[in-house]
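>>> quick one, structure for this:
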Amino acid sequence: MYSTFMLAAQLVASFVNAAFSYGGVEMVAVAAGEAEKPRKNMPKAVKRVFWRILFFYVLGSLAIGVCAASNDPNVLHGTGSAVSPWVIAIKRAGIEVLPSIIDAVVLASASSARQRLVVRNFAGAKVGARLPEGLWQEVAARATR
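Here you go, the predicted structure:
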């Protein structure tokens, strides 16, 4: 059905997706330079990141595997958001409005990721001492409203 090259290419593509999925975890280390009582607060933050990764990625991947098979015709031949295993499972459950809500959540997540990227770029500039102190606080306050 699939050639060996095609399977290898898909495996490499999954590694690229996984690498981007875990992007942002380093923000815990960047925040350590700005945190009050870092010896006390940073271990708590790292534990929270661990549990979030476990919940959202590992359990989410398990739930996707349970909801829709990899050879499901909707996964293989669908278009747009209908390809999502979450949307397929919700439609099978008979909940009509939830796929639109999921689309809205994905858009909100993309907006949040964009905001994190902007703040991260300014954090990198701050760490490199390229931004004056007052400008950093002004930008961070505007970005976190």
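>>> need the helix or strand of this protein with the lowest average pLDDT.
helix 133-143 (a mean of 66; mean pLDDT, DSSP states H and E).
>>> residue contacts, the residue most central in space within the chain?
Nearest residue to the geometric centre of the chain (C-alpha atoms, centre = their mean): Ser21, 5.0 Å. Contacts for Ser21 (C-beta atoms under 8 Å, 6 or more residues apart in numbering) come out as Tyr57. All C-beta atoms are positioned from the backbone trio N, CA, C, and that covers glycine.
>>> confidence score at it?
Looking at Ser21, its pLDDT reads 70.
>>> how close does it sit to Thr4?
26 Å (C-beta to C-beta, to the nearest Å).
>>> please apply the same query to Ala31.
44 Å.
>>> who has more neighbours, those two?
Ranked by neighbour count (other C-beta atoms under 10 Å), Ala31 and Thr4 place Ala31 first, with 14 against 7.
>>> how about the secondary structure of Glu36?
Recorded secondary structure, Glu36: coil (DSSP: H, G, I helix; E, B strand; the rest coil).
>>> look up the pLDDT of it for me, please.
So Glu36 comes in at 82 (pLDDT).
>>> tell me, how many residues neighbour it?
Glu36 has 6 nearby residues by other C-beta under 10 Å.
>>> list the contacts for it?
So Glu36 contacts nothing (C-beta under 8 Å, 6+ apart).
>>> any idea how far Arg116 is from it?
21 Å.
>>> same thing with Ile102?
From Ile102 to Arg116 the distance is 21 Å (C-beta to C-beta).
>>> so, low pLDDT: which residues of the chain?
1-2, 23-24, 81, 120-137, 139-140, 142-145 (pLDDT under 70).
>>> and it, what are its domains?
With domains defined by automatic domain parsing, the chain comprises 25-67, 73-145.
>>> thanks again, I'm all set now.
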